[in-house]
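Participant: What follows is a predicted structure for the sequence shown.
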Amino acid sequence: MQPVPCFSVRSEELIIASPNPALRKYFADSSDGDLPEQAMGGAEALARLEHSKRRWLLLDRDLPDLNAEEVAQMVRNRFPQVRLLMVRQFPAHGRSRSTTLLARPSEARDRGTVEQSDRSPRRVAASPLPGMIGQSEPMLHVYRMARLVASRNTTVLLTGETGTGKELVARAIHQLSPRANRPLIVVNCAAIPDSLLESELFGHTRGAFTGAVQSQIGRFQAAQGGTLFLDEIGELPLSLQPKLLRFLETKEVQRLGSPELVRIDVRVIAATNVDLERKVDEQRFREDLFYRLSAFCIELPPLRHRREDILPLAKQFIAGTSLEAHNSPPELSPAAVRMLEDHSWNGNVRELQLVLEQACILADNNACIEVEHIRFAPRRQRTPHPEAAPLD
């Protein structure tokens, strides 16, 4: 006996995310028009939704890469127009389809159709990334997400406040990927003048513009076979956004002054500390590029949301600073520890590192860092521009 699905949807509107070939074949065979799109796991499903107009996602509860509930939450947040359905059980041999249960997750939980996942993250996926410290729950989630996506070619968008370690995560993803023995090229989009950025990224031919005395390849070609990390992607000029979008869609670049299209194998990781969705709403960032870049998002938590990591990080920074100065690392007094843990850390991990470097200097080879050695940078007070001063 075949199940009666609790939804009615045309196959050309459907994406099926499941590692089970029997399930995918069942819905493909049942279609009377265009075939549904198919994805082997959660990450691939998110990538397909990013550039697809399909309005339904059929999600297998047993995904090989991500937790199905996590994928469902990502879809709700990033693709509110997409309707979700969950499959709890479907036999691998595909014979007894009467055990198939389909439901919208929000309704299914009420009926007991879809169980909450009690599977803990795989240990290998939750272990710290190379060069990173911290065992708080928010960081374990970051480690797991980064390890899950590292082996793929999926474009990754890293978000979070300044100083949270986005470049460290990008480097770790590259190091853990099959591209590890190829280049990792870092470009800070905010640090290069707009007039030079296109040439830096895509290259130019001799005579393409005033001062172009010789041809030059761009950062994309320099990263051939490896990874290109675009930091501060929110600062990419609107004029260059179509060209980046074209590369993400075609994997081709065109140097300034050349009609030739060059195909390149490069994985893109982008990072931003600004709200790209707000920039999209303000028409300062292309919506289609935003969706392309955010095929897989990892949000890095601010330090104030993982206070249990402050002391391990502090000890590591003290050890590194002392090693450079050829000194024995000082201890932190209990009062100093409390002071560090109570601080707001608006500058995040980067601020912690600078504060402790200064504390080691002020301690002057003392065996212990005390409260008086810890000095936080004063909060800058914004003063109104003279022209904006109120009139008497």
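Facilitator: Yes, it's here.

Participant: So residue 84 belongs to a strand, correct?
Facilitator: Yes. Counting by DSSP: H, G, I helix; E, B strand; the rest coil, residue 84 is found in a strand.

Participant: Tell me what it is bridged to.
Facilitator: On the basis of DSSP bridges, residue 84 is bridged to residue 57.

Participant: Show the pLDDT at it.
Facilitator: If you check residue 84, the pLDDT there is 88.

Participant: That one touches residue 76, doesn't it?
Facilitator: Yes. The criterion here is C-beta atoms under 8 Å, and residue 84 meets it with residue 76 at 7.3 Å. Backbone N, C-alpha and C define where each C-beta goes, glycine included.

Participant: which of these two has more neighbours?
Facilitator: Looking at residue 84 and residue 76 with other C-beta atoms under 10 Å, you find the greater number of neighbours at residue 84, namely 20 against 13.

Participant: Where does residue 129 fall, secondary structure wise?
Facilitator: Using DSSP states H and E, residue 129 maps to neither a helix nor a strand.

Participant: how about it, what does it touch?
Facilitator: Taking C-beta atoms under 8 Å, 6 or more residues apart in numbering, we find residue 129 in contact with 142-143, 146-147, 168-169, 172, 176.

Participant: can you do 6 Å?
Facilitator: 143, 146, 172 (C-beta atoms under 6 Å, 6 or more residues apart in numbering).

Participant: nearest to residue 192, of those?
Facilitator: residue 172 (24.4 Å; C-beta to C-beta).

Participant: quick one: contacts for the closest one?
Facilitator: Residue 172 neighbours (C-beta under 6 Å, 6+ apart): 129-130.

Participant: what do you get for residue 355?
Facilitator: Per C-beta under 6 Å, 6+ apart, neighbours of residue 355: none.

Participant: quick one: pLDDT of it?
Facilitator: For residue 355, pLDDT reads 96.

Participant: For it, what are phi and psi?
Facilitator: phi -60, psi -40 (degrees, to the nearest 10).

Participant: tell me the domain ranges of this structure?
Facilitator: 11-111, 123-194+221-243+263-299, 305-373 (automatic domain parsing).

Participant: could the contacts of residue 129 go into JSON lines alongside distance to residue 282 and secondary structure?
Facilitator: Putting these into JSON lines (distance: C-beta to C-beta, whole Å; DSSP: H, G, I helix; E, B strand; the rest coil) gives the following:
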{"residue": "143", "distance to residue 282": "33", "secondary structure": "helix"}
{"residue": "146", "distance to residue 282": "30", "secondary structure": "helix"}
{"residue": "172", "distance to residue 282": "32", "secondary structure": "helix"}
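
Participant: could I get those residues as JSON lines with pLDDT and distance to residue 278?
Facilitator: Shown next, in JSON lines, are those (pLDDT from 0 to 100; distance: C-beta to C-beta, whole Å):
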{"residue": "143", "pLDDT": "94", "distance to residue 278": "28"}
{"residue": "146", "pLDDT": "93", "distance to residue 278": "25"}
{"residue": "172", "pLDDT": "95", "distance to residue 278": "28"}
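
Participant: Out of the residues you listed, which is nearest to residue 286?
Facilitator: residue 146 (26.0 Å).

Participant: Pull out the buried positions in the strand or helix carrying residue 310.
Facilitator: Here residue 310 sits within helix 310-324, counting by DSSP H and E. Buried residues in helix 310-324, counting neighbours by 16 or more other C-beta atoms under 10 Å, are found at 310, 313-314, 317-318, 321-322.

Participant: now stretch 303-311
Facilitator: Buried-residue list, stretch 303-311, by 16+ other C-beta under 10 Å: 303, 306, 309-310.

Participant: In TSV: the contacts of residue 129, plus distance to residue 241.
Facilitator: Formatted as TSV, the contacts of residue 129 follow (distance: C-beta to C-beta, whole Å):
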residue	distance to residue 241
143	31
146	26
172	27
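
Participant: re the thing from before, may I ask which two of the buried residues of helix 310-324 are separated the most?
Facilitator: Longest span within the buried residues of helix 310-324, C-beta to C-beta: 310 and 322, 18.3 Å.

Participant: hey, where'd the helices end up in the stretch 151-300 of the chain?
Facilitator: 166-176, 194-202, 219-222, 241-250, 276-281, 287-293 (DSSP state H, counting those that start in this stretch).

Participant: helices or strands next to the third one in the packing?
Facilitator: In other words, helix 219-222. Helices and strands touching helix 219-222, by 3 or more C-beta pairs under 6 Å, 6 or more residues apart in numbering; DSSP states H and E, are strand 184-188.
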